[in-house]
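K.L.:
Quick one, what's the 3D model for this:
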Amino acid sequence: MLSEKQKMLAGEAYRPGDAEIQADQSVAKAWMVRYNAALGESASARRVLLAAQFGAVGEGAVIRPPFHCDYGYNIHLGKDVFLNFNCVILDVVSVTIGEGTQIGPAVQIYTADHPRDPAQRKAGLEWGRPVSIGRNVWIGGGAIILPGVSIGDDAVIGAGSVVTRDVPAGATAVGNPARVLSR
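P.N.:
Here you go, the predicted structure:
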């Protein structure tokens, strides 16, 4: 039988109030306090903090505080990834961001999802669907990336867009919901 954390990491329905999951969130909250207090520190000092909590942090990766996440250990950043101020990543499962990708301020990336059925919601279940963002992607400020979305290499996501579906490599997508304008 799988633990609630194992179910969460596998993308299965789980109960987020589980003690092991709550303990991991407490660790992440304490880490965020330290990380967000490091705004005045050098990028290299902040990178050491990122490496202590994240699944992977490529050389030259930068996240400007404040930054918020659920756990951190499900986040994988490639080389030279940049996230501007006030980004949020809900990482109940894997979030992969490819090298050279630049993400504007206040971008939100969600892997956490909830049942559409009211009885299941009332039961307190949720699950996650991974998000994958390719290499050399630009995501404009205030965009929201929903659970399960993949964004291909060299794509552009317009500021304020809500990405509900996959975006192919080299495409530009804008709007709510985001629609592909070109490839």
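
K.L.:
and stretch 132-148, how far from the chain's centre?
P.N.:
9 Å (Cα atoms, centre = their mean, to the nearest Å).

K.L.:
Could I get the buried residue list for that stretch?
P.N.:
By neighbour count with 16 or more other Cβ atoms under 10 Å, stretch 132-148 contains the buried residues 132-148. The C-beta positions use only the backbone N, C-alpha and C, and glycine is treated the same way.

K.L.:
now residue 138: how far from residue 162?
P.N.:
From residue 138 over to residue 162 the distance is 16 Å, taken as Cβ to Cβ, to the nearest Å.

K.L.:
Helix, strand, or coil at the residue most central in space within the chain?
P.N.:
Residue closest to the mean C-alpha point of the chain, counted by Cα atoms, centre = their mean, is residue 89 at 3.3 Å. Counting by DSSP: H, G, I helix; E, B strand; the rest coil, the backbone at residue 89 sits in strand.

K.L.:
Show me what whatever helix or strand residue 29 lives in is packed against.
P.N.:
For residue 29, the host element (DSSP states H and E) is helix 19-36. Contacts defined by 3 or more Cβ pairs under 8 Å, 6 or more residues apart in numbering; DSSP states H and E place helix 19-36 against helix 4-9, helix 43-53, strand 67-69.

K.L.:
Make a markdown table from these and add mean neighbour count, distance to residue 36 and mean pLDDT to it.
P.N.:
What follows is the helices and strands packed on helix 19-36, written out as a markdown table (neighbours: other Cβ atoms under 10 Å; distance: least, Cβ to Cβ, whole Å; pLDDT from 0 to 100):
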| stretch | mean neighbour count | distance to residue 36 | mean pLDDT |
| --- | --- | --- | --- |
| helix 4-9 | 18 | 24 | 97 |
| helix 43-53 | 16 | 10 | 93 |
| strand 67-69 | 20 | 7 | 98 |
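
K.L.:
Good, wrapping up.
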